Structures are given as structure tokens and as C-alpha cells.
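In: Sharing a sequence plus its predicted fold:
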2 protein chains.
Amino acid sequence: MDAYDSDERTSGAATTPGRRSRRTAADLDETAESGGDLDLSGLTGVVGYRLRRAQLAVFEDFNRRFQRFDLKPAQYSALLVIGDNPGRKQSEIAAALGIQRPNFVAMLDELERRGLAERTRSTTDRRSHAVVLTEHGRRLLAEARAEQAQQETDLGDLLGPGGRDALVSLLHRLTQAE
Amino acid sequence: MDAYDSDERTSGAATTPGRRSRRTAADLDETAESGGDLDLSGLTGVVGYRLRRAQLAVFEDFNRRFQRFDLKPAQYSALLVIGDNPGRKQSEIAAALGIQRPNFVAMLDELERRGLAERTRSTTDRRSHAVVLTEHGRRLLAEARAEQAQQETDLGDLLGPGGRDALVSLLHRLTQAE
DNA sequence: TATTGTTATACTCTATAACTATA
DNA sequence: TATAGTTATAGAGTATAACAATA
């Protein structure tokens, strides 16, 4: 983990960006020596900043949990989408995940190398690859889904009743509009 | 923007991961040809996934807004923290932002090259650099703060009354615990 | 001519080891 | 011996152009 933990709680008027600290040049020597905490009030109420930090924290937690599967978030989401959409085109899976087609090639190569997924030539359009999970892939995905459900449960405990659902709903609205 | 827009709204029981779609091998030919939307229900309720997508969307919006300042999110946050903590050590600023000390060097170099910030030798400890904003940096930061406040206002409009504050609060809780 | 998968490539972010100058 | 700033470097992640096979 990195060093962002020295944070302050979000102020009441969160819409207003943090107060402008009024310091003059005369304060410089003093502040330079004081080893106290920094004033981060300008960042605490900023949605983009909070989103970034929260995403990093949750991904770190994810990586800890999924170490035993050797799966990163992007790989898990790929297995999930392939598992729920067997036989779809490689490019469709990539697009659904927001991964550029060229970048998805190496990722699928790796999943295939590990025997989790397979490319099969489509009979109708010989340009495209229909992607499916192997039996091994389905078994691993089932275990991963259980671990992922556990993370959601733990996040629910952390955020209080309804908090997790509210968060998901608010986050979803951000990706619909912008 | 990338191709994640083909999303579904979050289901009622958000705590439960998306339903397991039960498809047999016999369905493969059919699904391979159907050009319909993919089933992304397994991802819609996942906090980590939603966080990542939302963060990317908000950062994209940020980048559009801050194009006229030629400031990326990390640069804006650096200006903000330096502005609110003038004279603090270079490494303190970096740590507060969660940036590795080596990686902060080039970033400060760039801010200095553009005449926005300055390194000054500390009189008490000649190893460290006290970092401050230039007058130009303070003026740019003031404008940037206004634009950033506008983004928060627009996000508030998007998320409804109290929605933005609730989001900030929920996100904050995620970075305290994990 | 357009699309699918692919290769090559480049650019940004991030992480670590090791050097230097100071303490 | 430890710390602050720095350099070099390596690894992810991401983006674009262009090619071969196929439609």
C-alpha cells in the first residue's frame, strides 16, 4: 500500500472545495520545519480523487484475495464475461470489457496457455474466433466467483446496510452520463 | 471513450453477484451468430468494476475540462497540495499524493519548467527541497480550482441532492479500512 | 471495400535498486 | 548509519497503425 492513509474525514459541506489556507511567505520557515500532517483538505471532497484512491484500495484488496487464483481484475472480468457469453467473438468480449482488440490478444493467449479459455474457429465466419471457457476455466471461475461474492459481502459490512448498494448505484450513474 | 457504454442498470439484489447463466454446449452455435448485446450481469454489481469504470469516466471528463490548463489529474493534485502546504519537503508532498519519490522528480521538473512551482534549498537541512508555487502557479491553481468546483457542481446535478456527498463519504470509507 | 485477429510499437504509470550529498 | 533527492530501469497498462486472412 502507498502512503495515502494520512487522510482527513470529509467535511460537512462536501460540495465546496477545501478552504483556501491563507499562509504568507513569513510562515514558510515555520511550516518547512514543522513535521506535522499536511493540509489535504483541498482533495478530500473531490470526487475524482476519492474515486481513484478507493479504486486502488479495492483493487489491492482484490489482488490479495485472488493471489491464490493468480488472477488480476482484468483477467477475472474476462473469465466472467466469457463464461456468461460462451461462443461470442473475441472482439465482442474485448469491446464489452473496454479493452482494445490488440491488447486483448496477449490476454487471451495467456488464458489459453493456462488452459482456462479456448479460441475456436467460427464455422460461419472464418475470420472470427468464438471464445469459450474450458472445464478447468469454468471450475476456476466458480471458485473465483465465490471469492468475489465474499469481497462484496465484506464491502457491505464495511459500508453499512444499503451502503454498498447505494455506492454501486451512484457509480453506475457516473458511467451512464459522462 | 471506450466501449463500455453497453451496460445494464444495477439489479435490485446488488449484493448477489449476477446470476449464473446456464448455457450448454448446444447453445454455442446459436449464441455465436446472435449479434445481440452481451450478458454483463456478472459485472454490474461488482464494486471494484464499477469503481474502475466510474474513475475512468470522471477522469476523462476532468481531462476535457482541464485541457485549457494543460493539467492532468496528478498535476492538479500536486499543485493543490503544494499550494495548501507551501515550503514542505518534496518527499512529503509526494508521500501525501501516494507518488513514489523517484516518480515525483520528473513531475516536479515539469511543473518547475512551466514556471508553476519552485524548489528552494532548505536552510535547516540542506538535503531537502522546500517546494512552493510561483505567482504564476498560484494564479493557475486559482483558475483550476474554479473549474474543479464546477465539475463537482455538475456531478452534484448528475447524482441528485445529497448523492455526491453520499458518494464522497462512501468512497472515503473504502480508503480508511482496506 | 470492410472486418477479425494479429504484430509492432510507443507512451504513460508505477515500482525498485542504487548513487550523491548531506545529516 | 540514515535520509532526501536523484538516476536508471523495468514492468504494467493502454493506444494506434498496418498487415494477412476472410467476408
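Out: Nice, thanks for sending it over.
In: need the longest helix for chain A.
Out: In chain A, assigned by DSSP state H, the helix with the most residues is helix A:135-159.
In: next structured bit after that one?
Out: Downstream of helix A:135-159, the next assigned helix or strand under DSSP states H and E is helix A:163-177.
In: Quick check: residue A:69 touching residue A:146?
Out: No. Residue A:69 is beyond contact range of residue A:146, at 10.7 Å (criterion: C-beta atoms under 8 Å). The C-beta positions use only the backbone N, C-alpha and C, and glycine is treated the same way.
In: Settle it for me: which of those two has more neighbours?
Out: Of the pair residue A:69 and residue A:146, residue A:69 is the one with more neighbours under other C-beta atoms under 10 Å in any protein chain shown, namely 15 against 10.
In: out of everything not next to it in sequence, what's closest to the more buried one?
Out: Using C-beta to C-beta, 6 or more residues apart in numbering or on different chains and skipping the chain neighbours, the partner closest in space to residue A:69 is residue A:144 (5.4 Å).
In: gap between that neighbour and chain B?
Out: 10 Å (C-beta to the nearest C-beta, to the nearest Å).
In: Distance of that residue relative to residue B:46?
Out: 12 Å (C-beta to C-beta, to the nearest Å).
In: So these two - more neighbours on which side?
Out: Taking other C-beta under 10 Å, residue A:144 and residue B:46 do not tie; residue B:46 has more neighbours (26 against 20).
In: so the more buried one touches residue A:155, yeah?
Out: No. With contacts counted by C-beta under 8 Å, residue B:46 stays clear of residue A:155, the gap being 9.8 Å.
In: My guess is residue A:133 contacts residue A:116. True?
Out: Yes. Assessed by C-beta under 8 Å, residue A:133 is found in contact with residue A:116 at 6.6 Å.
In: Give the intersection of the neighbour lists for the two.
Out: residue A:79 (C-beta atoms under 8 Å, 6 or more residues apart in numbering or on different chains).
In: out of the two, which sits in the more crowded spot?
Out: A direct count of neighbours by other C-beta under 10 Å for residue A:133 and residue A:116 places residue A:116 higher, at 24 against 20.
In: you'd agree that one is up against residue A:79?
Out: Yes. Between residue A:116 and residue A:79 a contact is recorded at 6.5 Å, counting by C-beta under 8 Å.
In: what is in contact with the two at once?
Out: Common neighbours of residue A:116 and residue A:79 (C-beta under 8 Å, 6+ apart) are A:133, A:137, A:140.
In: Can I get those in CSV including distance to residue A:60 and pLDDT?
Out: Converted to CSV, these look like this (distance: C-beta to C-beta, whole Å; pLDDT from 0 to 100):
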residue, distance to residue A:60, pLDDT
A:133, 27, 98
A:137, 25, 98
A:140, 21, 98
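In: Now tabulate the residues you listed in TSV and tack on distance to DNA strand C.
Out: TSV is the format used below for the shared contacts of residue A:116 and residue A:79 (distance: C-beta to the nearest atom of the strand, whole Å):
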residue	distance to DNA strand C
A:133	16
A:137	17
A:140	21
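In: Could you check how many residues crowd around residue A:50?
Out: 25.
In: Where does it fall, secondary structure wise?
Out: helix A:47-65.
In: Check which helices and strands that helix sits against.
Out: helix A:73-84, helix A:135-159, helix B:47-65, helix B:73-84, helix B:135-159, helix B:163-177 (3 or more C-beta pairs under 8 Å, 6 or more residues apart in numbering or on different chains; DSSP states H and E).
In: let's go with 7 Å and repeat that
Out: Helix A:47-65 sits against helix A:135-159, helix B:47-65, helix B:163-177, with contacts defined as 3 or more C-beta pairs under 7 Å, 6 or more residues apart in numbering or on different chains; DSSP states H and E.
In: How about it and DNA strand D, any contact?
Out: No. Remark: helix A:47-65 sits outside contact range of DNA strand D, by C-beta under 7 Å from any atom of the strand, the gap being at least 9.2 Å.
In: right, is that helix up against DNA strand C?
Out: No. Helix A:47-65 is not in contact with DNA strand C by C-beta under 7 Å from any atom of the strand; minimum separation 7.8 Å.
In: chain center to the longest helix of chain A, what's the gap?
Out: Computed by C-alpha atoms, centre = their mean, to the nearest Å, the chain-centroid distance of helix A:135-159 equals 14 Å.
In: Map the structural domains onto the sequence of chain A.
Out: Residue ranges for the domains of chain A, per automatic domain parsing: A:1-45, A:46-177.
In: winner for burial among those?
Out: Of those, the one with the most neighbours on average (mean count of other C-beta atoms under 10 Å in any protein chain shown) is domain A:46-177, at a mean of 18.
In: What is the end-to-end distance of it?
Out: The straight-line separation of the ends of domain A:46-177 (C-alpha to C-alpha, to the nearest Å) is 18 Å.
In: Which helix or strand in chain A has the lowest average pLDDT?
Out: In chain A, the helix or strand scored least confidently by mean pLDDT, DSSP states H and E is helix A:28-33, which has a mean of 42.
In: Which element is encountered next along the chain beyond that one?
Out: Assigned by DSSP H and E, the successor of helix A:28-33 is helix A:41-44.
In: now that following helix, how far from the chain's geometric center?
Out: 23 Å.
In: Let's see that helix as CSV, backbone CA atoms only.
Out: Extracted in CSV, the C-alpha atoms of helix A:41-44 (Å, rounded to 0.1, in the frame of the first residue of the first chain):
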residue,chain,number,x,y,z
SER,A,41,-8.5,19.5,2.7
GLY,A,42,-8.4,20.6,-0.9
LEU,A,43,-8.6,17.0,-2.1
THR,A,44,-10.8,15.3,0.4
